[in-house]
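> show me how the following folds:
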Amino acid sequence: QDPTDDPKRQLKPDNEIRRVVLCSGKVYFDLYEERELRKAYDVYLMRIEQFYPFPHNVLTNDLRRFQNADIIWCQEEPRNMGAWSFIRDRLDSVLSEINHQYIQPKYVGRVEAASPATGLMKKHIAEQTALVDDALTIPKNESKRRAVSNKVPTKRLIQKPKKKPTAKTAAKASPRRRSS
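As a prediction, the model looks like this:
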């Protein structure tokens, strides 16, 4: 019996779910606990435990219920480890097949690293808290569709006019040498 499979849970109806967080393993329990504390009942948690053979049909049927939700993949492992590299293309295929409004899942987890562990418990807890928060927090002004832009971002550099040095600032900037 899964302790998180509570028939009394207060999730919103499927059409009011705003975010679906897919994950695997122990991070599910951290996400579940935090969702309950926040009472974020518009976030649906979906744990995937079988990667191969990939449950394409099951995911297709399940995710079809959440056409208006953004899709998140959350993992504890760094981005270059764990299931992300395996599951990303498969989730893309599922989302494309159901004609979901988001064509790619968003990755939430640790950045790429050479080691799966930080080596410091304090840093591990901070990273874990941050990834759980990122997975469950729905931005207030999120656009409905992710757009791809062909424009190269440019940053205008506006230079402030230089102030002319006054007598006081000039005296502070270059102290006079005493002649001996």
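
> for the longest helix belonging to the chain, which positions count as buried?
Counting by DSSP state H, the longest helix found in the chain is helix 121-136. Neighbour counts over helix 121-136 (16 or more other Cβ atoms under 10 Å) mark 127, 131-132, 135-136 as buried. Where C-beta positions appear, they are placed from N, C-alpha and C, glycine not excepted.

> again with stretch 87-99
Neighbour counts using 16+ other Cβ under 10 Å place 87, 90-92, 94-95, 98 of stretch 87-99 among the buried residues.

> in strands, which of these appear?
Using DSSP state E, no member of those sits in strands.

> how many other residues sit next to residue 29?
The number of residues packed near residue 29 is 15, by other Cβ atoms under 10 Å.

> in what helix or strand does it lie?
Residue 29 belongs to helix 27-38 when assigned by DSSP states H and E.

> so what does that helix touch, helix or strand wise?
strand 43-47, strand 70-78, helix 121-136 (3 or more Cβ pairs under 8 Å, 6 or more residues apart in numbering; DSSP states H and E).

> so what's residue 117 scoring on pLDDT?
At residue 117, the predicted lDDT confidence score is 80.

> returning to what we had before: chain center to the longest helix of the chain: distance?
From the chain centre to the centre of helix 121-136 is a distance of 11 Å (Cα atoms, centre = their mean, to the nearest Å).

> out of the buried residues of stretch 87-99, list just those in helices.
Residues of those located in helices (DSSP H): 87, 90-92, 94-95.

> what is the neighbour count of residue 139?
Residue 139 has 8 neighbours, counted by other Cβ under 10 Å.

> quick check on it: phi, psi?
Here is the backbone geometry of residue 139 (degrees, to the nearest 10): phi -60, psi 140.

> from the buried residues of helix 121-136, which is closest to residue 15?
residue 136 (19.7 Å; Cβ to Cβ).

> shouldn't that closest one be in contact with residue 36?
No. Counting by Cβ atoms under 8 Å, residue 136 does not reach residue 36; the two are 10.6 Å apart.

> low-scoring stretches of this protein, by residue?
1-9, 141-180 (pLDDT under 70).
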